[in-house]
Each structure stands twice: as C-alpha cells, then as structure tokens.
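In: Sequence first, then the predicted structure, then my questions.
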Amino acid sequence: MKRIFALAFWTLLTAITPLLGQTTQVIAHRGFWLTAGSAQNSLAALTKADSIHCYGSEFDVWLTADDQLVVNHDGLFKGVHIEQATAAVCTAIRLDNGESLPTLSQYFDRARRLGTRLILELKPHKNARRETQAIELITALVRQYGYEQRVEYISFSLHAVQEFIRLAPEGTPVYYLNGDLPPQILKAIGCAGPDYHYQVFKQHPEWIEESHRLGMKVNAWTVNEAGDMQWLIDRGVDFITTNHPVRLQQLLQKP
Ligand code: MG
C-alpha cells in the first residue's frame, strides 16, 4: 500500500513539474549524505534523497574480485582495494553512519519502496573486459528487479558508456562524464547527453544549446554553490548533480 502511494505521488509530481515551468531537476550526488544519520552511497543516503523528492539519487558501482556488485565511491576505501577484494571483505566495511557497505542488490531492494530514479555510475575498472562483465551483471540485475524504466547509467569510461548503450534496453539514458567529447560525438555514439563537470560548460556554454538542438539532455556535476547552480539553471540545464540538494531545491523554488 505504502509503495502504491509512493508511486502515485511520484507520478503526480512528475506530471505537474512541467506545468510549474520547472525544467532543472535535482540529482543527489552519492545520495543525500550531508544530513544526520547518512553517509555517501549508503542505503540511508538513497532513502533520504527520496524523502526530499530528488529526481534521482546517484551512486557508484564496482565489480569485486569474486564478481559481485557493490556500491562505493573510492577504489581504495578504508584500506580495502574494492576491485581486488571479495564482496565479503567489502561488505564488512562500516560506512561512517554505521551501515555496512551495501551490495547493489541491497541498494535495489531498498529502492523498491522508494520512487527516486537510480542514477548508476560504473567506475572505470582495470580493463575493458571487467567493465563489460560488470555491465552484463548490472543490466541483468536491473531486468530482474524490473527497473528498466527507472535506471540511468553514467560513466567516465567511454567503453562502459558504449557497453551500457549496447546492453541496456533501447532508450535507456546513458550519459558520459569525462567532459572531453562535444555533443555531436555523444549523439553519434547514442548517448543521452553530456553529464560534465560544470566548469566544462562554463568553458563551452554552447554545448548546452547544441545538446538540446540534437535532442539530448544536459547534466552538470558536482555543483554545490548557489551561484554556479543559478548559472546552469539560467541556461536551461536539465539536471544538476549536487551534494546540497536542499540548497538547489530552494533556489529552484524562488519565483
Ligand atoms: Mg559518482
């Protein structure tokens, strides 16, 4: 019942957002973690991003040495090399809020009772083969959970971006993070658009309009200062990824 209510609320929110003239959407970077009881990439961060109605909650995924998917940002975290360690070793790590480092399945389980979109970043791995293997497992898990319409993929690895495009259902948004390719190239690859550091757009403001002209969306990361947020909002950027989602929401609510 709770789930149905949450989904109904999200559907309503999505429906009225364009009517309010609101175009820029808020993505919580590594979840909403700058708040009590949270930590980067924790289940709490995902839940809290949802509780403040973020469009999406971003998180980072690694493939462990024994081919399990776990959620964490740093490749070397609390003394453990995530890619070289087993899932048992990785998930024994305590996050700063006391949670265990989550597996991707645990993340997806938690998402069942939430409505926020899942912005899944695959970290660049030691070689292309491992990235492909990770993406095969990720897309299979997404299928298993029925999240095909709810997940968006991002990566700094061009190989990973191309593999997500190849292996995810057609139309699944896949964004490239590395900031070095112009919109026309991203379009040719089949990307949903650039998801670049905001300084890249300050150097290439024309890339925002070019992306839109090509039918793509634009995301900027990791934007934490109100002045930078406003600069991007004024230029019609579609998504802003931030460590301060509440600050961005307050800015967007200003008339
Ligand atoms: Mg990330």
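Out: Cool, got the structure.

In: When you work out contacts or count neighbours from here on, use the C-alpha atoms and nothing else.
Out: Will do.

In: Quick one: distance of the longest helix seen in the chain to the chain centre.
Out: Scanning the chain for the helix with the most residues, using DSSP state H, yields helix 128-145. Per CA atoms, centre = their mean, to the nearest Å, the displacement of helix 128-145 from the mean C-alpha position of its chain is 16 Å.

In: Low-confidence ranges, the protein, go.
Out: 1-22 (pLDDT under 70).

In: Please enumerate the helices of it.
Out: Taking DSSP H as the criterion, the chain carries its helices at 2-16, 43-51, 87-91, 104-111, 128-145, 158-167, 183-189, 198-203, 206-213, 226-234, 245-253.

In: Pull out the buried residues from the fifth one.
Out: Along helix 128-145, these residues count as buried under the neighbour rule (16 or more other CA atoms under 10 Å): 130-132, 134-135, 137-139, 141-142.

In: coming back round to it: distance to residue 65 added to the helices of the chain, as a markdown table?
Out: As requested, those are exported to a markdown table (distance: least, CA to CA, whole Å):
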| stretch | distance to residue 65 |
| --- | --- |
| helix 2-16 | 35 |
| helix 43-51 | 23 |
| helix 87-91 | 8 |
| helix 104-111 | 15 |
| helix 128-145 | 10 |
| helix 158-167 | 18 |
| helix 183-189 | 30 |
| helix 198-203 | 34 |
| helix 206-213 | 38 |
| helix 226-234 | 39 |
| helix 245-253 | 34 |
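
In: closest to residue 220 out of those?
Out: Residue 220 lies closest, by CA to CA, to one member of the helices of the chain: helix 198-203, at 5.1 Å.

In: Now do the buried residues in stretch 217-229.
Out: Residues 217-224, 229 are the ones in stretch 217-229 that count as buried (16+ other CA under 10 Å).

In: Actually, stretch 152-167.
Out: By 16+ other CA under 10 Å, the buried positions in stretch 152-167 come out as 152-165.

In: just those now: which is nearest residue 66?
Out: residue 160 (19.6 Å).

In: need the contact list for the residue lying closest to the closest one once chain neighbours are set aside.
Out: Excluding the flanking residues, the one nearest residue 160 by CA to CA, 6 or more residues apart in numbering is residue 131, at 6.1 Å. By CA atoms under 8 Å, 6 or more residues apart in numbering, the contact set of residue 131 is 122, 124-125, 159-160.

In: okay if I get these as TSV plus distance to residue 245?
Out: Below are the contacts of residue 131 laid out as TSV (distance: CA to CA, whole Å):
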residue	distance to residue 245
122	22
124	26
125	29
159	30
160	27
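
In: Show me the contact partners of stretch 136-149.
Out: So stretch 136-149 is contacted by 69, 105, 108, 151, 167-169, 172 (CA under 8 Å, 6+ apart).

In: 7 Å - rerun?
Out: By CA atoms under 7 Å, 6 or more residues apart in numbering, the residues outside stretch 136-149 that reach it are 167-168.

In: before we move on, what about stretch 209-224?
Out: Contacts of stretch 209-224 (CA under 7 Å, 6+ apart): 183, 192-198, 208, 229, 237-244.

In: so who does residue 232 touch?
Out: Counted by CA under 7 Å, 6+ apart, residue 232 has zero contacts.

In: wait, which of the helices of the chain is closest to residue 76?
Out: Residue 76 lies closest, by CA to CA, to one member of those: helix 87-91, at 10.4 Å.

In: closest one to residue 24 among the helices of the chain?
Out: The closest of the helices of the chain to residue 24 is helix 226-234. By CA to CA, the value is 6.3 Å.

In: quick revisit: so which of the helices of the chain is nearest residue 64?
Out: Closest to residue 64 of those is helix 87-91 (CA to CA; 5.9 Å).

In: which secondary structure elements does that closest one contact?
Out: Judged by 3 or more CA pairs under 7 Å, 6 or more residues apart in numbering; DSSP states H and E, helix 87-91 is in contact with no other helix or strand.
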